[in-house]
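**Student:** The sequence and its predicted three-dimensional model are supplied below.
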Amino acid sequence: MLIVAAALVALARPMVAWLTGALVSLGMIVGFLLSRTAGLPDGYYEPEWEAPYGSVSLVVEGLFVLAFLAWLGRPTTGAEPRPPYTAGRTRTAYGQGMPKR
């Protein structure tokens, strides 16, 4: 995940880094849930209560997946936002403000 973090910072088009991080995070979530419910071959055995690192990890992994989905849903048109309406100006068909006469 450190390589994914470095790629997110360094790459101009970080889609591969986001996708890799999301797949790793989803794999960790599924593995954790399987090991605590159905079990895995040579699976996890917990003789005593342990620190809640697994639960905290689930939260962090889930936040990464949510961040990926938010990044994926962002607008990519590259269009400039329109300037806010200012008093004394009217909008034309092209969105340019012109002074009133």
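**Tutor:** Done, it's in. These numbers were taken from a predicted model, which means no experiment stands behind them. Residues are numbered from 1 along each chain as shown.
**Student:** For stretch 14-23, give me every contacting residue.
**Tutor:** Stretch 14-23 has contacts (CB atoms under 8 Å, 6 or more residues apart in numbering) with 1, 4, 5, 7, 8, 11, 64, 65, 68, 71, 72. Backbone N, C-alpha and C define where each C-beta goes, glycine included.
**Student:** Could you give the average pLDDT over stretch 8-17?
**Tutor:** For stretch 8-17, the mean pLDDT works out to 90.
**Student:** Kindly export it (C-alpha atoms) in PDB.
**Tutor:** Output in PDB follows, covering the C-alpha atoms of stretch 8-17 (Å, rounded to 0.1, in the frame of the first residue of the first chain):
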ATOM      1  CA  LEU A   8      -1.200   8.300  -6.200                       C
ATOM      2  CA  VAL A   9       1.100  11.200  -5.400                       C
ATOM      3  CA  ALA A  10       3.500  10.800  -8.300                       C
ATOM      4  CA  LEU A  11       1.400   9.700 -11.300                       C
ATOM      5  CA  ALA A  12      -0.500  12.200 -13.500                       C
ATOM      6  CA  ARG A  13      -3.100   9.500 -14.300                       C
ATOM      7  CA  PRO A  14      -3.300   7.400 -11.100                       C
ATOM      8  CA  MET A  15      -6.100   5.100 -12.200                       C
ATOM      9  CA  VAL A  16      -3.900   2.000 -11.900                       C
ATOM     10  CA  ALA A  17      -2.900   3.000  -8.400                       C
END
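**Student:** Please identify the buried residues of that stretch?
**Tutor:** Neighbour counts over stretch 8-17 (16 or more other CB atoms under 10 Å) mark 14, 17 as buried.
**Student:** Likewise for stretch 53-71?
**Tutor:** 58, 61, 64, 68.
**Student:** The residues you listed in helices, which ones?
**Tutor:** Secondary structure from DSSP state H places 58, 61, 64, 68 of the buried residues of stretch 53-71 in helices.
**Student:** Sketch out the low-pLDDT regions of the chain for me.
**Tutor:** Flagging of the chain using pLDDT under 70 yields the residue ranges 43-50, 76-101.
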